[in-house]
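S.K.: quick check, what structure comes out for this input:
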Amino acid sequence: MPGAAALDYHAHDSLFTIRPVLESSGDDTWLRSRPLPVDSGDISYDPGRGDRKGVFPLALALTRKLAGREQRIMVVGDADFMSNAEMDRHAPRTENFDFITGVFRWLDDGRFPVDTSRPRTGDILNMGRDAVMLVRVIFFGVLPLLLILGATVLLVSRKRR
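M.R.: Take a look at the predicted model:
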């Protein structure tokens, strides 16, 4: 998740049990304490100006018991981690699809994939092969010929006036 925001949380005064799910690598990540310069590409780590290097949470799993059931919430510091652009990213390589699949599995308590099937509905029109052929002949043959004939008659009658 390039460009993800670090999340800040306080587990001791929360109604939820909070667990970090994704964390940044500690090698090349830091929190910048001042705004990014808009007019230059000079972005550098400066501990003298309040920047902090370290490992920061990028995704949090929140759980709590509510009315005898477990409520689950996933908070992610990247708004577009599920977007098609992120799924197709090759540089840097991402594992977003596997992460998203895992998030859905966790949110659904392991009953994944979600069953979205519905009962089969009956057709309003029950037509056999012959009826379908008749409809095709009418809509792809007769109707276009009638339109062409009508347009021809209209053009000829206008031309005579």
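S.K.: helices along this protein, start to end?
M.R.: Taking DSSP state H as the test, the helices found in the chain are 84-87, 96-107, 129-137, 143-160.
S.K.: and among the ones you listed, the most buried is which?
M.R.: Greatest average neighbour count among those goes to helix 96-107 (a mean of 14), per mean count of other C-beta atoms under 10 Å. C-betas here are computed from N, CA, C, even on glycine.
S.K.: mind checking how far the worst-scoring helix or strand of the chain on mean pLDDT is from the chain centre?
M.R.: Sorted by mean pLDDT, DSSP states H and E, the helices and strands of the chain end with helix 84-87, the least confident at a mean of 79. How far helix 84-87 lies from its chain's middle: 9 Å, per C-alpha atoms, centre = their mean, to the nearest Å.
S.K.: which strands and helices sit next to it?
M.R.: Applying 3 or more C-beta pairs under 8 Å, 6 or more residues apart in numbering; DSSP states H and E, we find helix 84-87 packed against helix 96-107.
S.K.: the longest strand that the chain contains: which residues count as buried?
M.R.: Longest strand in the chain, counting residues (DSSP state E): strand 57-66. With burial defined by 16 or more other C-beta atoms under 10 Å, the residues of strand 57-66 counted as buried are 57-62.
S.K.: and residue 2, how far from residue 121?
M.R.: To residue 121, residue 2 is 45 Å away according to C-beta to C-beta, to the nearest Å.
S.K.: so between those two, which is more surrounded?
M.R.: More neighbours surround residue 2 than the other of residue 2 and residue 121, with 9 against 6 (other C-beta atoms under 10 Å).
S.K.: would you check that that one makes contact with residue 93?
M.R.: No. Between residue 2 and residue 93 there is no contact under C-beta atoms under 8 Å: 10.6 Å.
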